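Participant: give me a 3D structure for the following:
(one chain, ligands or ions: 1)
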Amino acid sequence: MSHNTVEMNRQRHRFDGRESVWLFGYGSLIFKADFPFLEQRPAEIRGWQRRFWQGSHDHRGTVETPGRVATLIEASGANCKGMAYLISPTVFEHLDFREKNGYLRFLTTMTFDNGEHAEGLVYIATPENSAFLGPAAERDIARQIANARGPSGPNDEYLLRLADALRALADPDPHVFEIERHLKTIPGPE
Ligand code: SIN
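Facilitator: Reported below is the predicted structural model:
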């Protein structure tokens, strides 16, 4: 599967007559909400874990030096915390472009902090997309992140801002925090 998913996403869901749709964000969509929303609520989705297994050629890296960004991997018993946004379906035009490097929209059930549920959409980069990098040790992921930058900025900014956002959500994600710990031991450019 190509890593440009704009056209595929356009054809995936019909929003006929819908005024609003819930979107669940677990990566940069938590700390960079560059789109209008009607409501924002901390939420989680069950059976998924966050992993820095997706390559980024267009935002936080380049084709020559891809960065690593978050995707979700199925894991029974795991919960992934994030931020849910109630948005107008028209916002997907912007989001599909932003998430075009391998992410497809999937239907999911999210659970809000008060236990209420809602159906909505989540962008996931699955192993079938050609930008997928897959597992690596947290220390190696940190090294790759330390060396990558792209049009949206340095890759380490993505990781560090996500770690801060997860602390604010009281979600001590061991994978993200371990990468952060290694990243902080790597000297920056002179
Ligand atoms: C998300 O944040 O939900 C998707 C991945 C990303 O844009 O970082």
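
Participant: how near is whichever residue of the chain sits closest to the ligand to Cys80?
Facilitator: With CB to the nearest ligand atom as the measure, Gly27 is the residue of the chain nearest to the ligand, at 2.6 Å. Just so you know, the C-beta spots here come from the backbone N, C-alpha and C atoms, and that holds for glycine as well. Going from Gly27 to Cys80 by CB to CB, to the nearest Å gives 10 Å.

Participant: same deal with Asp113?
Facilitator: Distance from Asp113 to Cys80, by CB to CB: 14 Å.

Participant: the more surrounded of those two?
Facilitator: A count of neighbours by other CB atoms under 10 Å puts Cys80 above the other of Asp113 and Cys80, at 24 against 12.

Participant: wait, what's in contact with the more buried one?
Facilitator: Residues counted as contacts of Cys80 (CB atoms under 8 Å, 6 or more residues apart in numbering) are Tyr26, Glu44, Ile45, Trp48, Gln49, Arg50, Leu72.

Participant: for it, helix, strand, or coil?
Facilitator: Secondary structure, DSSP: H, G, I helix; E, B strand; the rest coil: Cys80 is strand.

Participant: bridged to the closest residue to it other than its chain neighbours, which residues?
Facilitator: Distances taken as CB to CB, 6 or more residues apart in numbering place Trp48 nearest to Cys80, at 4.7 Å, with adjacent residues excluded. Under DSSP bridges, the beta-bridge partners of Trp48 are Glu74.

Participant: which non-adjacent residue is nearest the residue nearest the centre of the chain?
Facilitator: What sits nearest the mean C-alpha location of the chain, by CA atoms, centre = their mean, is Gly27, with 3.2 Å. The shortest distance from Gly27 to any residue other than its chain neighbours is 3.5 Å, reached at Ala70 (CB to CB, 6+ apart).

Participant: now the helix or strand containing the one you found: average pLDDT?
Facilitator: Assessed by DSSP states H and E, Ala70 sits inside strand 67-87. The average pLDDT within strand 67-87 is 97.

Participant: after the longest helix along the chain, next one along is what?
Facilitator: Taking DSSP state H as the criterion, the chain has its longest helix at helix 155-168. Per DSSP H and E, helix 155-168 leads on to helix 174-183 as the next helix or strand towards the C-terminus.

Participant: surely Ser152 touches His57?
Facilitator: No. In this structure Ser152 lies outside contact range of His57 using CB atoms under 8 Å: 11.4 Å.

Participant: only C-alpha atoms, please: export stretch 72-82 in CSV.
Facilitator: Taking C-alpha atoms only, stretch 72-82 is exported to CSV below (Å, rounded to 0.1, in the frame of the first residue of the first chain):
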residue,chain,number,x,y,z
LEU,A,72,-1.3,2.2,17.3
ILE,A,73,-0.7,-1.6,17.6
GLU,A,74,-3.4,-4.0,18.7
ALA,A,75,-2.7,-5.4,22.2
SER,A,76,-5.3,-7.2,24.2
GLY,A,77,-5.6,-5.8,27.7
ALA,A,78,-3.9,-2.5,26.8
ASN,A,79,-5.5,0.9,27.0
CYS,A,80,-4.3,4.0,25.1
LYS,A,81,-5.1,7.4,26.5
GLY,A,82,-5.5,10.4,24.3
